[in-house]
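Novice: Let's see this in three dimensions:
(2 chains)
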Amino acid sequence: MIKLDSVTKIYNKGKDNEVIALDNACVEIVSGSAIAIMGVSGSGKSTMLNIIGCLDVMTSGEYYIDDKKVSTLKSNELAEIRNAKIGFVLQENALINSESVFENVKLPLCFSKKYKIKEFKHRVMEVLESLNIEGLYKRKVRDLSGGQRQRVAIARALVNDPDIILADEPTSALDSKTASEIMAIFKDLQSNGKTIIIVTHDKHVADQLDRTVYIKDGLISDTEE
Amino acid sequence: MRFFYSIYNDLKQRKCFTILVMIELLLIMLVGGIYLQMFKSDEVFLQKYNAEYENAVCVSSDVLSDYIGRDGLEEGTMGASFGLSYGDTYATVINPKLAEIIEVEHKGKWFSGDTSSEYREAIVSDELKNVYKKNEIYDLEVRGVNSKIKIIGYLGADSMSIDDFDDVVAYNLLFAYGDMLVCDDIDIVAEEINSVIATTENASFYIDNYKLNSKVLGDLYDNYYNSSYNSRYFSYYIMGVLVMLISVTIVSMLVCASEKDIRKNSIKYIVGNNKSVVLSESVKAGIVFAVPFTLNLFIVSIINILNGDSMYPSILPFGTFFTTASIALIVYAVSTTIGIIRVLISKPLIILKKQ
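Specialist: Modelled structure (predicted):
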């Protein structure tokens, strides 16, 4: 379970350009559920996602993953969590365009303690097959379509078999058909026990998930089931 | 293990790494070729002065040392004997503490090696006097060439070093014969007989088997030894600098956190690699730098050994291969530091948003 307890994030604290990105956010996310975080640009939804993903640290408050207080962990420990427990699907994919699909998906394995080096190839192909993109493994990312890249990004997020999948606007750059396919993948992952958290401004995407958390000006304004 | 695997993975994906090594190999070949050409150019240089090979008498400090030692002389003469020999003419001066200048047969004519009366007296062991008797002619074969040796006198040694001894004999022979030939390493010859040149204008000299006019030799000493000799090694130095700087430039461009690297490092950070990416960048730079540097060192050492030199280039003013390497290391350190700083201050998510 993921729990944010009075989490506040302030950028440039004490300066003239101080920004309160999150203000006393309290959220509990049950394992295996799928939630959407919605809000306009600058509302703080990406900040929340980054804190959940251990990419950013909160100014105050507490954050728990499976009852373990994350806020007290050192950077190496946070990196381990990012590698083992969390899979990121970032906005615009954040893939290495000059490298192959295989190399991109393999990347998290290089830092993983879960798989041995000789298992890398098998694991990567296994994940690619689960997303029906095994035929693309040698292709360079730059040669792929938007939908294919998104699948590759999801594959990279899944390769270490994390419990939590975080996706930041995963369908924003896709056509409706492809977006639907991607969302189907997320639903499928949820059915396999993954916890899915998607940041989106698309109501249609949010409606497909179990719950929606609305953020406005850093405050959680509403929660909708 | 995983740390090095990730480094290996990164390097493997760099096509430029392969290109870098290939370029470096080509540069090494070029430097090696220039090295060899430089050594060879001595011959070209000497030939330019109408040098010609001919059997000749030469002054060499170690020509017969092994032979004389094997011939039964007392130990202690080994390595300290002094020989005048080459081709079909020999004159042997054994260790001054033990023996004497002998007479020389040169194309059927006997020459005395010692014309200075003050060196007539010498301290010679009784055993050696029994082995090599005065005025006796001995047959000796050296390097496959037969020669005749006759002891004609003794040379005092207490007041001389072996180098002085060489000079004395050389000078005496020159004064005595005018056309006696002197051979040795070019720098040593030039240094030792410089004073002789001034007084024996008509003498001929052989240097490394090449016959040269004495006046030319005087020019050689001034021009070749002083400038050409140093400039030869200075050229090596320049080439070494160029090779290393080119290598390091390529390394810096490819390894030490280019924009692409920073982006990739940001992605790595997100998928679970901590800021140890900084360490991996510096290790990568070290590996990619070490490969050409080590190859350079190896190839240069091999070339030196093949040319009979010591394993490493001799130390000269303005530096050697190692000094050029030091310069390269400084450049590497600076570029790596810059790269590391860039990675340290980069914000992963911000970097990734810059598509």
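Novice: Mind listing what's buried along the helix or strand in which residue A:190 is found?
Specialist: Assessed by DSSP states H and E, residue A:190 sits inside helix A:176-191. Under the neighbour-count criterion of 16 or more other Cβ atoms under 10 Å in any protein chain shown, helix A:176-191 has A:178, A:179, A:181, A:182, A:183, A:185, A:186, A:189, A:190 buried. C-beta: built from backbone N, CA, C; applies to glycine.
Novice: ok, how many other residues are close to the nearest residue to the last one once chain neighbours are set aside?
Specialist: The one in question is residue A:190. Excluding its sequence neighbours, the residue lying closest to residue A:190 (Cβ to Cβ, 6 or more residues apart in numbering or on different chains) is residue A:34, at 4.6 Å. When neighbours are defined as other Cβ atoms under 10 Å in any protein chain shown, residue A:34 has 21 of them.
Novice: Any figure for the gap between residue A:34 and chain B?
Specialist: 21 Å (Cβ to the nearest Cβ, to the nearest Å).
Novice: Identify the residues contacting that residue.
Specialist: Applying Cβ atoms under 8 Å, 6 or more residues apart in numbering or on different chains to residue A:34 gives the contacts A:186, A:187, A:190, A:195, A:196, A:197, A:198, A:209, A:210, A:211.
Novice: Check which element follows the strand or helix carrying the fifth one along the chain.
Specialist: The secondary structure element spanning residue A:196 is strand A:195-200 (assigned by DSSP H and E). Helices and strands here follow DSSP H and E; after strand A:195-200, the next one along the chain is helix A:203-206.
Novice: which of the residues in whichever helix or strand comes after that next one are buried?
Specialist: Counting by DSSP H and E, the element after helix A:203-206 in chain order, helix or strand, is strand A:211-216. The neighbour-count check on strand A:211-216 (16+ other Cβ under 10 Å) flags A:211, A:212, A:213, A:214, A:215 as buried.
Novice: My guess is residue A:139 contacts residue A:101. True?
Specialist: Yes - between residue A:139 and residue A:101 there is a contact at 5.6 Å, judged by Cβ atoms under 8 Å.
Novice: Could the C-alpha coordinates of the helix holding residue A:190 be exported in CSV?
Specialist: Taking Å, rounded to 0.1, in the frame of the first residue of the first chain, the C-alpha atoms of helix A:176-191 are listed here in CSV:
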residue,chain,number,x,y,z
SER,A,176,-7.5,7.4,-29.6
LYS,A,177,-7.1,3.9,-30.9
THR,A,178,-3.5,3.5,-29.7
ALA,A,179,-4.5,5.2,-26.4
SER,A,180,-7.1,2.6,-25.9
GLU,A,181,-4.6,-0.2,-26.5
ILE,A,182,-2.3,1.3,-24.0
MET,A,183,-5.0,1.6,-21.4
ALA,A,184,-5.9,-2.0,-22.0
ILE,A,185,-2.4,-2.9,-21.1
PHE,A,186,-2.6,-1.0,-17.9
LYS,A,187,-5.8,-2.7,-17.0
ASP,A,188,-4.3,-6.0,-17.7
LEU,A,189,-1.4,-5.2,-15.5
GLN,A,190,-3.8,-4.3,-12.7
SER,A,191,-5.5,-7.6,-13.1
